[in-house]
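Asker: here's my sequence, what's the structure:
(one chain, ligands or ions: 2)
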Amino acid sequence: MSQKVLLLPGDYIGQEIVPEAEKVLARICELYDLDITTESALIGGSAYDAEGYPLPASTLEKARAADAILLGAVGGPAYDNVERDLRPEKGLLRIRSELGLFGNLRPAIMYPQLVDASSLKPELVAGLDILIVRELTGGIYFGQPRGIRELDNGEREGFNTYVYSESEIRRIAKLAFELAGKRGGRVCSVDKANVLEATVLWREVVTELAESYPDIELEHMYVDNAAMQLVRAPKQFDVIVTGNMFGDILSDAAAMLTGSIGMLPSASLNESGQGIYEPCHGSAPDIAGQGKANPLATILSVAMMLRYSLGSPAAADSIEIAVGQVLDKGLRTPDIAGAGEAVVTTNEMGDAVVAALSNVT
Ligand code: NAI
Ligand code: MG
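Answerer: Ligands and ions are numbered 1, 2, ... in the order given. Predicted coordinates:
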């Protein structure tokens with residue numbers, strides 16, 4: 001039976017990079033004889049323009065029926081004055097929560113061709129390959145109660161609640177252990193168990209679950225130390241698993257170790273293995289419509305989609321190898337070009353990956 005992929009380009013450069021990724025997907029389907037059908041729908045500002053809502057019911061319906069979703073990016077200055085609940089970003093938050101995407105995977109991989117773009121010395125990042133597994137639907141970003149309240153003395157206080165149930169912790173830790181089993185075999189669980197009681201439970205549950213994964217090496221680390229280690233000696237990590245807020249911060253820091261935001265894919269998975277795949281960057285209004293956007297983060301998101309939702313890891317590997325070859329040939333969009341280096345357009349970069357695929361497979 002054929003698998004369904006929903007394409008949600010979104011706004012600004014989303015509409016330039018998703019078509020490049022679509023070309024790559026079409027070519028990989030030919031090469032691997034994969035039966036994948038695609039359809040497109042609106043999300044974000046473009047959905048608001050057409051229908052008055054950032055996540056139309058028809059888009060959500062198509063998303064539920066899809067095996068995987070490839071998303072560009074949403075938002076931008078055209079929507080700055082839109083009422084809060086109808087903002088493009090609301091569409092994204094809503095589709096993530098409607099689909100129950102609890103597991104956010106953010107790889108930070110250093111391409112040898114781009115080591116000079118890293119904020120760290122080449123020897124610290126050469127060969128870097130880490131995977132951050134961030135819990136996405138719980139923790140302090142969602143915990144109740146939350147808000148701003150007035151105290152008896154008339155002063156106001158802001159408050160949020162850090163809360164994780166055992167099942168939420170087990171679910172994300174299980175995902176991390178299983179992913180680690182397919183790569184370096186090591187998991188570092190990040191918490192703040194010396195200060196936050198809620199993360200004492202996190203540590204307990206992760207430790208208990210580790211007994212079911214005797215081949216995985218588990219280490220615990222406090223988040224402040226983890227932040228330090230990430231910039232001191234990032235290659236010590238394989239898989240990092242952590243809660244929503246710590247993961248938000250650590251994954252952004254890890255992203256910068258590898259240089260350009262234009263190279264970073266992500267996946268967000270639910271319990272049935274369905275997922276949204278998207279670049280880590282936003283809609284880059286400053287470069288939209290100029291052929292300057294780097295499509296590789298979105299193309300690498302297609303690779304993650306094939307690996308994690310569509311059961312075609314070999315096809316995923318081929319895309320990643322093709323991207324490496326294109327970089328080897330010296331093709332660079334402006335965001336990854338060194339001073340004086342020649343640059344290619346969004347479209348040329350996409351075409352080059354498509355062409356490289358024929359040699360890889
Ligand atoms: P941004 O990631 O869109 O851009 C930051 C900088 O990186 C800009 O200079 C941009 O030109 C550059 N950049 C981003 N992606 C690139 C690519 N593929 N190739 C080359 N250069 C690239 O973040 P910013 O400027 O904070 O946000 C712009 C809009 O995007 C806002 O409306 C924001 O809300 C939205 N946004 C959407 C996200 C999503 O849809 N998941 C995530 C982050 C921001
Ligand atoms: Mg963030």
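Asker: which single residue in the stretch 201-350 of the chain comes nearest to ligand 1?
Answerer: G282 (2.4 Å; Cβ to the nearest ligand atom). Placement of C-beta: from N, CA and C, glycine included.
Asker: got the phi/psi numbers for that residue?
Answerer: According to degrees, to the nearest 10, the main-chain angles of G282 amount to phi -100, psi -160.
Asker: what does the stretch 51-200 of the chain put close to ligand 1?
Answerer: With Cβ under 6 Å from any ligand atom as the criterion, the stretch 51-200 of the chain meets ligand 1 at residues 73-76, 89, 92.
Asker: sticking with A316, tell me its helix or strand.
Answerer: Element membership for A316, per DSSP states H and E: helix 313-328.
Asker: what residues sit buried inside that helix?
Answerer: 315-316, 318-327 (16 or more other Cβ atoms under 10 Å).
Asker: could you look up the SS state of the residue nearest the centre of the chain?
Answerer: Most central in the chain under Cα atoms, centre = their mean is S266, positioned 2.0 Å from the mean C-alpha point. Going by DSSP: H, G, I helix; E, B strand; the rest coil, the secondary structure assigned to S266 is strand.
Asker: not including adjacent chain positions, what is the nearest residue to L209?
Answerer: In this structure, L209 finds its nearest non-sequential neighbour in A173, 5.0 Å apart by Cβ to Cβ, 6 or more residues apart in numbering.
Asker: pretty sure V195 sits in a helix.
Answerer: No. Counting by three-state DSSP, one finds V195 to be coil, located in no helix.
Asker: what is the burial count for it?
Answerer: By other Cβ atoms under 10 Å, 11 other residues sit near V195.
Asker: go on, E39?
Answerer: E39 is flanked by 11 other residues according to other Cβ under 10 Å.
Asker: give the contact list for it.
Answerer: E39 makes contacts with 4-7, 62, as judged by Cβ atoms under 8 Å, 6 or more residues apart in numbering.
Asker: can you list those in a markdown table and add neighbour count, distance to V187 and secondary structure?
Answerer: A markdown table is the format used below for these (neighbours: other Cβ atoms under 10 Å; distance: Cβ to Cβ, whole Å; DSSP: H, G, I helix; E, B strand; the rest coil):
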| residue | neighbour count | distance to V187 | secondary structure |
| --- | --- | --- | --- |
| K4 | 16 | 32 | strand |
| V5 | 23 | 30 | strand |
| L6 | 21 | 31 | strand |
| L7 | 20 | 33 | strand |
| K62 | 18 | 35 | helix |
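Asker: what ranges does the stretch 51-200 of the chain have for its strands?
Answerer: 68-73, 103-109, 129-135, 147-150, 156-159, 186-191 (DSSP state E, counting those that start in this stretch).
Asker: hey, which of these is tucked in deepest?
Answerer: Mean neighbour counts were compared across the strands of the stretch 51-200 of the chain using mean count of other Cβ atoms under 10 Å; the top stretch is strand 68-73, at a mean of 28.
Asker: for the stretch 201-350 of the chain, which residues are neighbours of ligand 1?
Answerer: Remark: the part of the stretch 201-350 of the chain in contact with ligand 1 comprises 261-262, 278, 281-287, 293-294, 297, 333, 335, using Cβ under 6 Å from any ligand atom.
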